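**Student:** Pasted the sequence and its predicted model underneath.
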Amino acid sequence: MHNCKLRGFRGVLEFIAKANSFDWFPMKIVGFAVDVSRSRDVRIVQGQRIRQSLIQATLDLIQAGDVEPTSGAIATIAGHSSRTLFQHFIRLSDLYAAAFDLAVSRAFRPDRQVDSAAPLASRIALLVSDRAQLFEEWLPVWHFAQRVRLVAPAVSTGVSHLRRLLRERIAVWFAPELDTLDPASRDHALDSLDRTFGLDSWMNMRERQRLSPMHASRAWRFNAEAIVQRALSGPGLSPAAA
């Protein structure tokens with residue numbers, strides 16, 4: 001009995017030693033609960049590839065206009081069986097969340113550096129150009145998020161994070177002007193700018209007003225400078241919708 005316990009204990013130690021032989025890197029692979037991005041274990045590497053292919057297949061379907069991809073469609077596109085899909089993602093909602101996270105990490109990674117010394121008009125023009133292109137590309141993912149947010153709460157959480165990210169980017173674009181305001185006025189101005197140049201504003205022009213991408217972009221450009229000047233003038237005025 002004593003020898004059996006020793007063998008069992010030795011086996012545990014060998015497992016721990018093997019686990020600790022992995023090289024870890026401080027970057028999390030989308031869809032993984034723990035960091036395995038630099039593991040040399042063949043099974044883990046293969047699992048990473050399968051998961052990444054399933055996440056990419058889900059995102060491909062979303063970007064093609066499928067607002068709620070089925071497990072069968074995802075598995076087929078990825079080249080795996082539905083059984084394999086559910087071995088790696090217990091719930092389809094987990095796969096949806098991983099695909100949404102991947103879309104955000106690609107589309108909304110930090111923009112190129114903003115030249116704060118550039119004239120305000122130049123920064124406004126660049127912001128309008130960048131966001132018009134970005135939001136138009138993002139529309140299919142936004143439709144997907146709106147459709148699945150109730151069945152995939154993590155996607156709803158991701159949307160909230162995305163809104164915060166967009167607001168933070170607006171603060172960077174207009175930092176020279178915002179930094180001259182008192183805290184209350186700054187918050188008001190940032191709220192106004194965030195509403196004006198947010199994803200909802202673009203969605204409103206494209207889907208409710210039914211403007212083409214070109215006409216929506218022109219509408220933003222036409223009104224942008226006046227809107228920004230009003231937003232930055234203090235809490236008395238609020239910009240009209242683009």
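**Tutor:** Looks like it arrived, so ask away.
**Student:** residue boundaries of the helices in this protein?
**Tutor:** In the chain, the segments counted as helices under DSSP state H are 2-20, 42-63, 71-78, 82-88, 92-107, 120-148, 153-173, 175-178, 183-196, 199-203, 213-231.
**Student:** For Gln113, which of these is the nearest?
**Tutor:** helix 153-173 (9.2 Å; Cβ to Cβ). C-beta coordinates here come from the backbone N, C-alpha and C atoms, glycine included.
**Student:** so what does the closest one touch, helix or strand wise?
**Tutor:** If you count contacts as 3 or more Cβ pairs under 8 Å, 6 or more residues apart in numbering; DSSP states H and E, helix 153-173 packs onto helix 92-107, helix 120-148, helix 183-196, helix 199-203.
**Student:** List the buried residues for the shortest one?
**Tutor:** Spelled out, that is helix 199-203. Within helix 199-203, the residues that count as buried by 16 or more other Cβ atoms under 10 Å are Leu199, Ser201, Trp202, Met203.
**Student:** Surely the last one and Trp142 touch.
**Tutor:** Yes: counting by Cβ atoms under 8 Å, Trp142 is a contact partner of Met203 at 6.8 Å.
**Student:** any low-confidence regions in this protein?
**Tutor:** 1-41, 109-112, 233-242 (pLDDT under 70).
**Student:** show me the contacts for the residue nearest to Ser217 when sequence neighbours are not counted.
**Tutor:** Distances taken as Cβ to Cβ, 6 or more residues apart in numbering place Ala132 nearest to Ser217, at 4.1 Å, with adjacent residues excluded. When contacts are counted by Cβ atoms under 8 Å, 6 or more residues apart in numbering, Ala132 touches Trp202, Pro213, Ala216, Ser217, Trp220.
**Student:** Just flag the most distant two among those.
**Tutor:** Most distant of these, by Cβ to Cβ, are Pro213 and Trp220, 10.8 Å apart.
**Student:** neighbour-wise, which of the two wins?
**Tutor:** For Pro213 versus Trp220, the count of surrounding residues by other Cβ atoms under 10 Å is larger for Trp220: 24 against 15.
**Student:** What is the neighbour count of the closest residue to Leu181 other than its chain neighbours?
**Tutor:** Using Cβ to Cβ, 6+ apart and skipping residues adjacent in sequence, the residue nearest Leu181 is Ala189, 6.1 Å away. Residues lying near Ala189 (other Cβ under 10 Å) number 26.
**Student:** try Phe144
**Tutor:** Count around Phe144 with other Cβ under 10 Å applied: 26.
**Student:** From Ala64, how far off is the residue most central in space within the chain?
**Tutor:** For the chain, the residue nearest the mean C-alpha position is Val104 (1.8 Å; Cα atoms, centre = their mean). According to Cβ to Cβ, to the nearest Å, Val104 and Ala64 sit 18 Å apart.
**Student:** same thing with Leu181?
**Tutor:** 44 Å.
**Student:** who has more neighbours, these two?
**Tutor:** Shown here are Leu181 and Ala64; by other Cβ under 10 Å, Leu181 has more neighbours (17 against 10).
**Student:** Now do the more buried one against Ala97, distance only.
**Tutor:** For Leu181, the distance to Ala97 - Cβ to Cβ - is 37 Å.
**Student:** again with Arg169
**Tutor:** From Arg169 to Ala97 the distance is 22 Å (Cβ to Cβ).
**Student:** Turn the helices and strands packed on helix 153-173 into JSON lines, columns for distance to His161.
**Tutor:** Formatted as JSON lines, the helices and strands packed on helix 153-173 follow (distance: least, Cβ to Cβ, whole Å):
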{"stretch": "helix 92-107", "distance to His161": "8"}
{"stretch": "helix 120-148", "distance to His161": "11"}
{"stretch": "helix 183-196", "distance to His161": "15"}
{"stretch": "helix 199-203", "distance to His161": "13"}
